[in-house]
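Trainee: Give me coordinates for this.
(one chain, ligands or ions: 1)
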Amino acid sequence: MTVAGHLLDNISLKSNPNRLSLDTYNSLFKINDVENAWETEMTLSLGDIAISPLLESDFDQVVDWTNTTEARKYFYPHFPDTKTSLAPYFSAPDRDYFRVTFKDSFVGIIGAEQIDEASKKLEMRKLVGASTMRGKGIGKHATFLFLYYAYIVRDIQKVYLHSLDINLRNLNLNGKFGFYLEGVFFEDVLIDGEWHDLVRMALSKQIWIEIYS
Ligand SMILES: CC(C)(COP(=O)(O)OP(=O)(O)OC[C@H]1O[C@@H](n2cnc3c(N)ncnc32)[C@H](O)[C@@H]1OP(=O)(O)O)[C@@H](O)C(=O)NCCC(=O)NCCS
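Mentor: Sure, this is the predicted structure:
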């Protein structure tokens, strides 16, 4: 019921012409607040939180984070489970991943899958690695920085994501960014013998600019 309620909120967010006054992060983030050092250092930051391209030396840590039972329950399809399979995975031309740092410590990853240059869209995935680092605002800041990268640096027109029905924290986070519901795929994913619905949400460049200018 909670998930259904949240989804209805998102539907009304999309259809409500006054969506800018609804509950989004527009009092927290503004496009102009991003410190854009992309041309010189390939880094985007907001205060202590920054994103920059993922390094091969990060892979050991990434495997530790993505290979936990908890992370495997949030991501479908799963990330590869060995360090050697991560190198070809992250260097695929339709992927583009970043390291997320907090005060220069590596705390998570965020990135793009299924980059479609023709239709200018991509799928976003994110993970704050250590569970003790969650709930402190890192995911929120990293998401805003990634959206800045997608829309401003790469001129992508639509960012979408898939979330499993069980992932309430992620649904809350995305709804407040302005992501709206595009569809629910019922009993779409089988994890540990249990079927889960898959929710697809999206945010267009135009709406993001309207909300965060
Ligand atoms: C989802 C995730 C990236 C969010 O990052 P985070 O740093 O933990 O989240 P933040 O501290 O930035 O909080 C973002 C929002 O999450 C929501 N949230 C935080 N804790 C929550 C909880 N325990 N239950 C429900 N929602 C919660 C809130 O809406 C919060 O925003 P608010 O404080 O402005 O209301 C992170 O928790 C994570 O990596 N989870 C596991 C992997 C995952 O689900 N990835 C997404 C798949 S695409």
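Trainee: where along this protein do the helices fall?
Mentor: With helices called from DSSP state H, the chain shows them at 2-15, 38-41, 59-66, 69-74, 83-90, 138-148, 168-177, 205-212.
Trainee: Out of these, flag the one nearest residue 98.
Mentor: Nearest to residue 98, of all the helices of the chain, is helix 138-148, at 6.8 Å by CB to CB. Heads up, the C-betas are built off the backbone N, CA and C, glycines and all.
Trainee: May I have the closest one as CSV, with CA atoms only?
Mentor: The C-alpha coordinates for helix 138-148 follow below in CSV (Å, rounded to 0.1, in the frame of the first residue of the first chain):
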residue,chain,number,x,y,z
ILE,A,138,25.3,11.4,0.1
GLY,A,139,22.9,9.6,-2.3
LYS,A,140,20.9,12.8,-2.8
HIS,A,141,23.9,14.9,-3.7
ALA,A,142,25.4,12.3,-5.9
THR,A,143,22.1,12.0,-7.8
PHE,A,144,22.0,15.7,-8.4
LEU,A,145,25.6,15.7,-9.6
PHE,A,146,24.9,12.8,-11.9
LEU,A,147,21.8,14.5,-13.4
TYR,A,148,23.9,17.6,-14.0
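Trainee: Least confident of the helices of the chain, on average?
Mentor: Note on the helices of the chain: helix 2-15 shows the lowest mean pLDDT, a mean of 53.
Trainee: Buried deepest among the helices of the chain, which one?
Mentor: helix 138-148 (a mean of 23; mean count of other CB atoms under 10 Å).
Trainee: tell me the angle of that one relative to helix 205-212?
Mentor: Interaxial angle of helix 138-148 relative to helix 205-212 (axes from the mean of the first three to the mean of the last three CA atoms, to 10 degrees): 130 degrees.
Trainee: Residue 180 versus the closest residue to the ligand within the chain, what's the distance?
Mentor: Per CB to the nearest ligand atom, residue 139 is where the chain lies closest to the ligand, at 1.9 Å. With distances taken as CB to CB, to the nearest Å, residue 139 is found 19 Å from residue 180.
Trainee: Repeat that for residue 84.
Mentor: Using CB to CB, one gets 39 Å for the distance from residue 84 to residue 180.
Trainee: Quick check: residues of the chain near the ligand?
Mentor: 74, 125-128, 134-140, 161, 163, 167-170, 172-173, 176 (CB under 6 Å from any ligand atom).
Trainee: repeat that for 8 Å
Mentor: Applying CB under 8 Å from any ligand atom, we find that the chain lies next to the ligand at 25, 28, 70-71, 74-75, 108, 110, 124-129, 133-143, 161-164, 167-173, 176.
Trainee: buried residues in stretch 149-161?
Mentor: Residues of stretch 149-161 classed as buried: 149-152, 156, 158-161 (neighbour count, 16 or more other CB atoms under 10 Å).
Trainee: contacting residues around the closest residue in space to residue 126 that isn't next to it in sequence?
Mentor: Of all residues not flanking residue 126 in the chain, residue 110 sits nearest, at 4.1 Å (CB to CB, 6 or more residues apart in numbering). Neighbour list for residue 110: 51, 97-98, 100, 124-127, 142-143, 145-146 [criterion: CB atoms under 8 Å, 6 or more residues apart in numbering].
Trainee: what does residue 66 give?
Mentor: Counting by CB under 8 Å, 6+ apart, residue 66 has contacts 72, 75, 78-79, 81, 127.
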